[in-house]
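Asker: Pasting the sequence and the predicted coordinates here, then a few questions.
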Amino acid sequence: MIIVPIIVIAFVIIGIGMYNSLIGKKNQVTNAFSAIDVMLKKRFDLIPNLVEVVKQYTQYEGDTLTKITELRGKAMGANVSEADKLALDQQMGAAVKGLMVSVENYPDLKANTNFLNLQSTWTESEEQIAAARRNYNATVTTYNNAVMMFPSSIFASMLGYQTMSVLESTAEERQNVNAKDLFNS
């Protein structure tokens, strides 16, 4: 007779634990994406300075500089979804990498202290974004495991929780970089 209430209480306690764990994991994913968002904002804030320093030395990169400025404007705009921010991030990264390769044609620019400081800050920012992405992917994996594994999957389906996608590199980003081709283009 006393065993039934004990079993019910145990199931209730376990259920509350699983529910709270799922909520915590979902909030960790949101927090991890917010960290990426903060790093992207830092990157986008560096761009006007980078563009201005490069403008002082070059005219050729006008189209690239305009594209970078437009992408930054879009990314900083209101009502930009997470997916759009990530797509703009990829476009921005490609544009700036192209600009950095073009800089090789300007020895004075490469020696400019402002440019060197911006380049160093940019590199640091890229490393922080990469770390934030790794953290996001680890957090999403933990969340997805909780959503998919029994018995927490029961609560996840009752709450309408679904698996989330991890951030992946594009096919272009996975290809080996040929430095010779970069400097000859």
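Answerer: Noted; the coordinates are in hand.
Asker: In stretch 44-52, which residues are buried?
Answerer: By neighbour count on 16 or more other Cβ atoms under 10 Å, the buried set for stretch 44-52 is 44, 46-47, 50-51. The way it works is simple: take the backbone N, C-alpha and C, and place the C-beta from them, glycine included.
Asker: Can you tell me which of those end up in strands?
Answerer: If you go by DSSP state E, the buried residues of stretch 44-52 have nothing in strands.
Asker: Which of those residues sits closest to residue 83?
Answerer: Of all these, residue 83 sits closest to residue 44, with 16.9 Å by Cβ to Cβ.
Asker: Can you read off the pLDDT for the closest one?
Answerer: In this model, residue 44 is scored at 80, pLDDT.
Asker: Could you say which helix or strand holds the residue nearest to it when sequence neighbours are not counted?
Answerer: Distance criterion Cβ to Cβ, 6 or more residues apart in numbering; nearest residue to residue 44, sequence neighbours excluded, is residue 72 at 4.9 Å. In the assignment (DSSP states H and E), residue 72 maps to helix 62-76.
Asker: cool, residue 15 as well?
Answerer: Per DSSP H and E, residue 15 falls inside helix 3-55.
Asker: Which elements pack onto that helix?
Answerer: Judged by 3 or more Cβ pairs under 8 Å, 6 or more residues apart in numbering; DSSP states H and E, helix 3-55 is in contact with helix 62-76, helix 82-102, helix 113-148, helix 152-159.
Asker: which one of those helices lies closest to residue 35?
Answerer: That would be helix 113-148 among the helices and strands packed on helix 3-55, by Cβ to Cβ, at 4.5 Å.
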